[in-house]
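Enquirer: My questions concern the predicted model and sequence given below.
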Amino acid sequence: MITGTRGRALVAATLVAPFVVVGASSAGADDDEPLRIDNLPSLSDSEVNEHRSPIDVPDVQAIDVPDIDPFEPEVTTSGGSTVVTLDTDVLFEFAEAELGESAQDAVVEAIADIPDGARVTVVGHTDSVGSDADNLTLSKERARAVADVIEDERDDLELDVSGKGEKDPVADNDKGGEDNPEGREKNRRVEIRYTG
């Protein structure tokens, strides 16, 4: 049993020792002095290592990124007349007639070779899926969207704008009573025609 003044001091030192050890690393900072960069407590490497633990990093699987072909309109010329065919699957979302920014840029590139002051016909076409009336409306709206971009870019051109719906296919929408997706894709188009 510890008694007397010396014993009480030993007990007090034992109880206070952990706090003194932590405080001791504060490089002699006064209790009332605010902490600053030059009087912050420090930890040894072994103290830091006690709090480190490994983490599991999951395996990351690589993904295949498909090759994306740049947008290339089909251009045909015959007897001085040129037809630039734009694939509407590239330009528009399904059953929509609004051109995004990249689609607008594609239209601008497609008309770069049209001579100044030319008369240009913009005609929209669809496949045979859906009603005649809906397809006619969609073809007109898509032709108008393309014509709006042309007008903004080239105010020197004279434009005629129309839609033919499914009435003027360039490929069969079906073969032998079976659906023909490749043919329908070719039929979904906007044509820009000009002479010169």
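Expert: Happy to help now that I have it.
Enquirer: in what helix or strand does the spatially most central residue of the chain lie?
Expert: For the chain, the residue nearest the mean C-alpha position is S102 (11.1 Å; Cα atoms, centre = their mean). Here S102 is covered by helix 101-110, with elements defined by DSSP states H and E.
Enquirer: Next: I150.
Expert: helix 132-153.
Enquirer: pLDDT (mean, whole number) over that helix?
Expert: Regarding helix 132-153, the rounded mean pLDDT is 97.
Enquirer: Quick one: the helices in this protein, in order.
Expert: In the chain, the segments counted as helices under DSSP state H are 4-24, 45-49, 88-91, 101-110, 132-153, 181-187.
Enquirer: still on that earlier bit, contacts for the helix holding S102, please.
Expert: 71, 73, 84, 86, 90-92, 99, 146, 149-150, 153, 192 (Cβ atoms under 8 Å, 6 or more residues apart in numbering). (Glycine included, C-beta is placed from N, CA and C.)
Enquirer: Count the residues that sit near the closest residue to V129 other than its chain neighbours.
Expert: The shortest distance from V129 to any non-neighbouring residue, by Cβ to Cβ, 6 or more residues apart in numbering, is to R184 (6.8 Å). Neighbourhood size, R184 [other Cβ atoms under 10 Å]: 20.
Enquirer: Any figure for the gap between R184 and A147?
Expert: R184 is 24 Å from A147, where distance means Cβ to Cβ, to the nearest Å.
Enquirer: Any figure for the gap between the nearest residue to D172 once chain neighbours are set aside and I111?
Expert: Nearest residue to D172 in three dimensions, chain neighbours excluded: G183, at 4.5 Å (Cβ to Cβ, 6+ apart). Separation of G183 from I111 (Cβ to Cβ) stands at 27 Å.
Enquirer: Check D132 too.
Expert: For D132 relative to I111 (Cβ to Cβ), the value is 30 Å.
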